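*Asks:* model the following, please.
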Amino acid sequence: MSTKKIETDSKGIPLKGPYPDNPPVAVLYLVMTTVQTFITTAIAYYVIAKDNTTKTDAKLALLIEHDLGYLYVTSIIYKLGFLLMGINAGQTRKESKIHTPDQHVYQVQGAEGSKLGYVLLQNDDQAFGRFNRAQRAIANYLETFPQVVFYTLLAGFMYPKEVMILAILLILSRLVNAIGYTKS
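*Replies:* The predicted structure follows:
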């Protein structure tokens, strides 16, 4: 594991960000996700093709009979929403020059004339505030995600197409919220 020292200013903020100047963050995230998706899809295809039995055919017939393919599309919609929120956060990470594993930037508040103060998330309209809000938008998404998946599966078995449409609306609203929150 590399322990390369990151050059920082007097307050401990890195002078250079973790991302290269090119390609843009969106391209970098899309390429990484495409490679990951290709590898996992190839593995899944190999496993299914290798296990070409009547059991596999029966499971596929069940999916087709009940229109459950929409649930698979719904999972892709959730992944795409998370990717787009990640691009938003990645762009703000690049602008703020904050390296991983740091997830937020904090600032001491109310310490004038005292050695004591409060450590709060920096929440301004500068790069650090936007970075913190982009990170919080993802955290807000992930805080409810287990329940969303649970209810998606329960309702999706009965109403797969309708649940997919609701998932699209959910992701669109989450993206609008994440981008608006980041910029606020």
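
*Asks:* strands along the chain, start to end?
*Replies:* Counting by DSSP state E, the chain has strands at residues 106-109, 118-121.

*Asks:* residues touching Tyr19, list them.
*Replies:* Tyr19 is in contact with Val25, Leu28, Gly90, Arg93, Lys94, counting by Cβ atoms under 8 Å, 6 or more residues apart in numbering. Where you see a C-beta, it was placed from the backbone N, CA and C, and this is true even at glycine.

*Asks:* distance check, the third one against Leu60.
*Replies:* Distance from Gly90 to Leu60, counting by Cβ to Cβ, to the nearest Å: 37 Å.

*Asks:* now Thr34
*Replies:* From Thr34 across to Leu60, the span is 26 Å (Cβ to Cβ).

*Asks:* same deal with Ala137?
*Replies:* Per Cβ to Cβ, Ala137 is found 37 Å from Leu60.

*Asks:* centroid residue for this protein?
*Replies:* Geometric centre of the chain, nearest residue: Phe82, 3.6 Å, by Cα atoms, centre = their mean.

*Asks:* isn't that residue up against Tyr141?
*Replies:* Yes - when contacts are counted by Cβ atoms under 8 Å, Phe82 is listed as touching Tyr141 (7.0 Å).

*Asks:* which neighbours do the two share?
*Replies:* Here Phe82 and Tyr141 share no contacting residue, scored by Cβ under 8 Å, 6+ apart.

*Asks:* mind listing the helices for the protein?
*Replies:* 25-50, 54-65, 69-96, 127-158, 160-183 (DSSP state H).

*Asks:* Gly90 and Leu60: which is more packed in?
*Replies:* Comparing Gly90 with Leu60 by other Cβ atoms under 10 Å, the one with more neighbours is Gly90, at 19 against 12.

*Asks:* distance of the more buried one relative to Ile77?
*Replies:* Distance of Gly90 to Ile77, computed by Cβ to Cβ: 20 Å.

*Asks:* OK, contacts around Ile87?
*Replies:* Neighbouring residues of Ile87 by Cβ under 8 Å, 6+ apart: Val25, Ala26, Tyr29, Leu30.

*Asks:* adding neighbour count and distance to Lys115, write those residues out as CSV.
*Replies:* Listed next are those as CSV, based on neighbours: other Cβ atoms under 10 Å; distance: Cβ to Cβ, whole Å:
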residue, neighbour count, distance to Lys115
Val25, 19, 39
Ala26, 15, 44
Tyr29, 19, 42
Leu30, 14, 48
